[in-house]
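>>> got a sequence here, can you model it:
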Amino acid sequence: MAAEILPDGPASTLAASTLSGVARVLVHAGKLPSRTAEDLSRVARDQRRSFVSAAVGANALSSLEMATSLSQVLGLPLLDLDAIDVNRLPQNLVDARTLSQYQVLVLGRRGNRLFIGGADPTDQEAVDRIKFATQLTPEWVVVEYDKLARIVDSKTASVSDALDSIVSAGEFDFEVEEQDTGATKADEEVASAEVEDAPVVRFLQKMLIDAINMRASDLHFEPYENTYRVRFRIDGELREITQPPIAIKDKLSSRIKVISRLDISEKRVPQDGRMKLKFGNKAIDFRVSTLPTLFGEKIVIRILDPSSARLGVDALGYEREEKDRLLACVRRPYGMILVTGPTGSGKTVSLYTCLNILNQPGVNISTVEDPAEINLPGVNQVNVNDKAGMNFAVALKAFLRQDPDVIMVGEIRDLETADIAIMAAQTGHLVLSTLHTNDAPTTLTRLLNMGVPAFNIASSIILITAQRLARRLCENCKAPADYPREALLNAGFTPEDLDGSWRPYRAIGCSACNNGYRGRVGLYQVMPISEEIQRIILAQGNAIDIADQARRDGVRDLRQSGLLKVRNGVTTLDEVISVTNQ
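Okay, the predicted model is just below:
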């Protein structure tokens, strides 16, 4: 017997040393002959498939034998996927493309550990990719390959197959409003073959519907040299959804531009447009922006939800005293209210909420925006059109001849617009507008830097509110967190706050949320312009002086507003720190 084993023994050891991953483990464990392992490795390499797939496909080992062997040799738990309800597994922790690429399944999460089921627990690349994407520590659970492949394939079909299936499924019965694009007839004829490509039409519709169902605020279509990816912004966080074939990028771009009334032939300059999806009795508007990049046009589509403008002040996350200050100023007959913050911080929703409060039959409201994002019945809305000479300043001058009570300016960008808006606020009109500044005190110095006289600022502005959006904790899975006392103090809590009457929460993650968060909540700094702040402005005081006085007036800054949300269990300390400055 020794003579029979001897010739293959050294060879087996030598071969095993040249193998890697599962092949090496199985040969060392005596579960697979070295020569068979070498042949299967070569087949897997040539066919660009995994060793496990090649071994099971060649019947060298059954899925159960391989899973059992790997579990025993590597000391990992073994799970029968038939014994669990895969529909109840966590969703959205790892994107579908990664699951399909590495043939893994997310089984659960405990703390910062993420349990993933796979047939190849030696795949370190999969671990690194998932760890980087989720900031969690993956831990392997061995599962049978055939059962795993069946589940993963059913959940994450390839994009090319999905395009074909979408065409044949006929699952979309809504209509896309198509209007005149402004392009010439010749341009349209040249592009018609591209824009009417059925798989592209259906793919775009599917992406829009998926984005709505996933509560996304934006869709990003991004071309690169060798890839084309689609990302959704969900609860303020960008997530890669899929990578369609790069060959469709020009057709998809043309399709979006046609239904957004953009110039199909113009690919050298940015363009902005709108489109609407109608299905059933419901219609949803989208704002479209194109941007020429090195490898094609990047397109961002923002979902405009009219219902967000009708949520009411309470739903936006204002604390009681903040809401009272805001409503007191909104109900004043004249003056200027400014909403500040970066792009995507919810300024427009706050303005529309105020307009809804003021939108009464006896009130004449006019707005000028670039563009008007949400249609409000009863409000006269005007779009900026720079090519036609209709800018903010021109619209404002026209408004003042239209007997307005309330004027809303989408954004104050220059001195001319600021001067006219302030003049309107000083002559009996309530003016609402936005500025891109970091907080409320710096807004006043920003206006001074634009060239607005200090006495005009002091006499016209009645309130400034700065805001940010923080992710809201999922009520189904949030759990108490244990932060060191020093960390809480460094974040901005006072020793009196840490009295033991409350506990911060942390994000966990479940099937109903996105990594432990669901939705967003506003953090606000609502600063009325008191007489003391007016004196500081007239004395050419800086933002630090104004902030100190606001603090004495009882105004919370953005960090303090966020810490109050942490105390109330609405969001996490990590989230507040990430969106505010100390």
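>>> report the contact partners of His220.
Val230, Arg231, Phe232, Arg233, Leu238, Lys298, Ile299, Val300 (CB atoms under 8 Å, 6 or more residues apart in numbering). For glycine as for every other residue, the C-beta is placed from the backbone atoms N, C-alpha and C.
>>> sketch out the helices for the stretch 301-450 of the chain, chain order is fine.
Assigned by DSSP state H, counting those that start in this stretch, the stretch 301-450 of the chain shows helices spanning 313-316, 320-330, 347-358, 392-399, 415-426, 440-450.
>>> and those as a markdown table, adding mean neighbour count and mean pLDDT?
What follows is the helices of the stretch 301-450 of the chain, written out as a markdown table (neighbours: other CB atoms under 10 Å; pLDDT from 0 to 100):
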| stretch | mean neighbour count | mean pLDDT |
| --- | --- | --- |
| helix 313-316 | 15 | 76 |
| helix 320-330 | 17 | 92 |
| helix 347-358 | 21 | 88 |
| helix 392-399 | 20 | 89 |
| helix 415-426 | 20 | 91 |
| helix 440-450 | 21 | 91 |
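>>> out of those helices, nearest to Ala550?
helix 440-450 (6.3 Å; CB to CB).
>>> next structured bit after the strand or helix carrying Ser41?
Counting by DSSP states H and E, the element that carries Ser41 is helix 34-47. On the C-terminal side of helix 34-47, the closest following helix or strand by DSSP H and E is helix 51-57.
>>> neighbouring contacts of that next one?
So helix 51-57 is contacted by 21-23, 26, 32, 40-41, 43-44, 47, 61-63, 66, 103, 119-120, 145-146, 149 (CB under 8 Å, 6+ apart).
>>> mean confidence score for it?
For helix 51-57, the per-residue pLDDT values average out at 83.
>>> which one's the longest helix in the protein?
If you go by DSSP state H, the chain has its longest helix at helix 198-213.
>>> tell me the contacts of the nearest residue to Arg215 once chain neighbours are set aside?
In space, and not counting its chain neighbours, Arg215 is closest to Ile234: 6.2 Å by CB to CB, 6 or more residues apart in numbering. Ile234 sits next to Asn92, Met214, Arg215, Ala216, Ser217, Asn514 when contact means CB under 8 Å, 6+ apart.
>>> helix, strand or coil for the fifth one?
Secondary structure of Ser217, reduced to three states by DSSP: H, G, I helix; E, B strand; the rest coil: strand.
>>> please report the distance of it from Val570.
19 Å (CB to CB, to the nearest Å).
>>> kindly report the same for the fourth one.
As judged by CB to CB, Ala216 and Val570 stand 22 Å apart.
>>> my read: Leu351 touches Thr434, true?
Yes - between Leu351 and Thr434 there is a contact at 6.8 Å, judged by CB atoms under 8 Å.
>>> what do these two both touch?
Contacts common to Leu351 and Thr434, judged by CB under 8 Å, 6+ apart, are Val339.
>>> phi, psi for the closest residue in space to Ser260 that isn't next to it in sequence please.
Excluding its sequence neighbours, the residue lying closest to Ser260 (CB to CB, 6+ apart) is Gly273, at 3.4 Å. In terms of degrees, to the nearest 10, the main-chain angles of Gly273 are phi -160, psi -170.
>>> which residues touch Gly273?
Lys257, Ser260, Arg261, Leu262, Arg287, Val288.
>>> in strands, which of those residues appear?
In strands, defined here by DSSP state E, the members of the contacts of Gly273 are Arg287, Val288.
>>> tell me the one among the contacts of Gly273 nearest to Glu321.
Of these, the one sitting nearest to Glu321 (CB to CB) turns out to be Arg287, at 34.0 Å.
>>> report pLDDT for the closest residue to the closest one other than its chain neighbours.
Sequence neighbours aside, Arg302 is the residue nearest to Arg287 in space, at 4.4 Å (criterion: CB to CB, 6+ apart). What the model reports for Arg302 is a pLDDT of 91.
>>> now do Thr156
On the pLDDT scale, Thr156 gets 52.
>>> which stretches of the stretch 251-400 of the chain aren't confidently modelled?
279-282, 306-312 (pLDDT under 70).
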